[in-house]
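Trainee: Build the 3D model from these lines:
(one chain, ligands or ions: 3)
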Amino acid sequence: MEIRSLAIDIGASSGRLIQGTLEDDMISLEEIHRFKNQITNKRDQKGNEHACWELDKLYNEILVGIKKSKSNDIESIGIDTWAVDFVLLNSANEVIGDTVSYRCHRTDRVMEEVFDIISKEEIYNKTGIQFLQFNTIYQLYAVKKSDPEYLEEAKSFLMVPDYFNYLLTGKKSNEYTNATSTQLFNVSTKSWDQEILKQLDIPSSIFNDPVKPGTVIGEIKDELKESLDIEELKVIAPATHDTGSSIVAVPTNSADYAYISSGTWSLMGVETKKPICTKKALEYNFTNEGGAYETNRFLKNIMGLWLIQEVKKELNDQYDFGELVELAKEEQAFNSLINPNDSRFLNPESMIAEIKKYCQETEQVVPQKPGELARCIFESLAFQYKQVLEELTEVTTKEINKIHIIGGGVQNEFLNQLTADITGLEVYAGPIEATAIGNLLVQYIALGYIDSLEEAREIVSNSFTIKNYTPNLSLEEVENNWIKFKELQN
Ligand SMILES: Nc1ncnc2c1ncn2[C@@H]1O[C@H](COP(=O)(O)OP(=O)(O)O)[C@@H](O)[C@H]1O
Ligand SMILES: C[C@H](O)[C@H](O)[C@@H](O)C(=O)COP(=O)(O)O
Ligand SMILES: [Mg+2]
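Mentor: Ligands and ions are numbered 1, 2, ... in the order given. Now for the predicted structure:
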């Protein structure tokens, strides 16, 4: 029997609506609709400029996708997106203010202000979440400072997937995996941390009790059915944080691996049963995001392919990603390295200028050509993966013998090979659309067609080609440049 469901995965660079068909322990995909996602700068009525998402446009793309899928024999739909960002709704359920992106500079230096109220250690002990300047806690604190009336007017806090679910069903909810990314969620009680909210004077009434992945949010609203040409369609919450969904689809049930969810961001970590909030975990800035089925996502954000996305954009898209990879391969190895996680790369005016400036300041060869810039980015990311791997091993004491790379970044075979070469571990790459697959699998488990996460991962392994990369660089070559990379961290 064929079971069809829809996954909508919206990442920071693109969104896609993918139809999944489950049949005899295999899952097949059909991409029904793909659309660009990007940040646009907008001025609000007070004249403040914010980097924003165009959520109305994205919602319209979701509707276009559902209509294209001719959803009559579709059992359910699930939506996942990037984390931390949210909307505030007023009593008339209208969005208050702009739909601001985590890359907006409004949270520059806000973390430090919050630490004057609640210490970094206390926040980490309560939430177990990595310190990133754009976490929801700092965004809400920034809103409180610049537009206090917004929080006075707000009746509902919805994260981006929650908001799309609300528009489709009329039901408001806060899904668990994404709620944990806010740094307002208590890692022990698995609920909103009332003390943090009180200390920062953020109203607790705007938050809903969290719902777990697999929860049926509701049915598509009647007023949408005619325009979408559908009868019934269940809306199920997957792990609505896209990384949570991608990790569901890691194609193995072994325990001796680290994953890299590779897209705009590289999210590198391990799956644990319990959070790890030790001093060393805090020192290395690891996070404990909630995973599906009582798992813990112990990981760290790495700036990822955002770096090459911005270079590509600044080159007016005259090269596609594949061409940039080929140009990188033609360049000399290890000429220039950057620290990808330097905050200067979060949202610079010009990524190319910022990379050049970094290399000048660190007295390295300054990359000029597109291939030199691309190679610098890919090699630097691979060294960053090596660093995070060493930290993961130290903090978790887990034996890590291989790396599973999942997500769109899997298409960068050069980076896959560099990751194997520089970490010295076997790399297994795929599936590309891991996030959408994980989204679908949670729906199938909720509908009772798959029994467990373990069974789901077996289905992924059976259904998709996973490519293996073996280390083949000399240890000396890696070691010399590893020392150079580590010096950059200081
Ligand atoms: N043909 C390709 N060759 C190399 N890299 C690619 C290719 N296609 C996509 N990519 C990489 O995948 C990234 C997009 O991954 P994806 O998971 O779709 O991102 P997100 O979900 O964050 O929008 C791009 O930024 C690019 O670096
Ligand atoms: C801002 C968050 O750290 C970000 O959402 C990250 O967690 C993530 O999931 C990014 O996904 P992409 O598909 O946009 O790389
Ligand atoms: Mg993604």
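
Trainee: Can you give me the end-to-end span of stretch 254-269?
Mentor: End-to-end span of stretch 254-269 (C-alpha to C-alpha, to the nearest Å): 15 Å.

Trainee: State the distance from the residue of the chain found nearest ligand 3 to Lys234.
Mentor: Taking C-beta to the ion as the measure, the point where the chain comes nearest ligand 3 is Gly11, at 2.8 Å. From N, CA and C alone the C-beta is placed, and that goes for glycine too. Computed with C-beta to C-beta, to the nearest Å, the distance linking Gly11 and Lys234 is 24 Å.

Trainee: same deal with His33?
Mentor: Separation of His33 from Lys234 (C-beta to C-beta): 19 Å.

Trainee: go on, Pro148?
Mentor: Note on Pro148: its distance to Lys234, by C-beta to C-beta, is 39 Å.

Trainee: Out of these two, name the residue with the larger neighbour count.
Mentor: Applying other C-beta atoms under 10 Å to Pro148 and Lys234 shows that Lys234 carries more neighbours, namely 19 against 11.

Trainee: can you give me the strands in the stretch 101-250 of the chain?
Mentor: Ranges of strands in the stretch 101-250 of the chain, per DSSP state E, counting those that start in this stretch, are 156-159, 174-175, 185-186, 191-192, 210-211, 216-219, 234-236.

Trainee: any idea of the mean pLDDT for the fifth one?
Mentor: To tie it back to what came earlier, the one meant is strand 210-211. Here strand 210-211 scores 98 as its mean pLDDT.

Trainee: can you pull the contacts of Glu81?
Mentor: One thing to correct before we go on: residue 81 is Thr, not Glu. 9-11, 160-161, 164, 240, 242 (C-beta atoms under 8 Å, 6 or more residues apart in numbering).

Trainee: Okay, buried residues for stretch 386-401 please.
Mentor: For stretch 386-401, the neighbour count (16 or more other C-beta atoms under 10 Å) marks 386-389, 391-392, 395-396, 398, 400 as buried.

Trainee: Need the residues that contact it.
Mentor: Counting by C-beta under 8 Å, 6+ apart, 255-258, 268-270, 272, 276, 278, 280-281, 284, 286, 298, 300, 302, 403, 422-423, 425-426, 482, 485-486, 489 sit against stretch 386-401.

Trainee: Contacts only, for Phe414.
Mentor: Counting by C-beta under 8 Å, 6+ apart, Phe414 has contacts 325, 328-329, 378.

Trainee: try it again with 6 Å
Mentor: Phe414 makes contacts with 325, 329, as judged by C-beta atoms under 6 Å, 6 or more residues apart in numbering.

Trainee: What helix or strand is it located in?
Mentor: helix 413-423 (DSSP states H and E).

Trainee: What are the buried residues along that helix?
Mentor: 414-423.

Trainee: What's the PyMOL line that selects buried ones from the contacts of stretch 386-401?
Mentor: Those of these that count as buried under 16+ other C-beta under 10 Å are selected in PyMOL with:
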select buried, resi 257+258+268+269+270+272+276+281+284+286+298+300+302+403+422+423+425+482+485
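
Trainee: Just the contacts of stretch 386-401: which are in strands?
Mentor: Residues of the contacts of stretch 386-401 located in strands (DSSP state E): 257-258, 268-270, 272, 298, 300, 302, 403, 426.

Trainee: about what we covered before: same list (the strands of the stretch 101-250 of the chain) but as TSV, adding distance to ligand 2.
Mentor: Output for the strands of the stretch 101-250 of the chain, formatted as TSV (distance: least, C-beta to the nearest ligand atom, whole Å):
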stretch	distance to ligand 2
strand 156-159	10
strand 174-175	14
strand 185-186	14
strand 191-192	19
strand 210-211	17
strand 216-219	20
strand 234-236	19
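
Trainee: how about the ones you listed, which one is nearest Asn41?
Mentor: Among the strands of the stretch 101-250 of the chain, the nearest to Asn41 by C-beta to C-beta is strand 156-159 (22.1 Å).

Trainee: Tell me the strands beside the closest one, with direction?
Mentor: Strand pairing for strand 156-159, using DSSP bridges, gives strand 86-89 (antiparallel).

Trainee: what is the mean pLDDT for the partner strand?
Mentor: On average, strand 86-89 scores 98.

Trainee: what do you get for stretch 112-132?
Mentor: The model assigns stretch 112-132 a mean pLDDT of 98.
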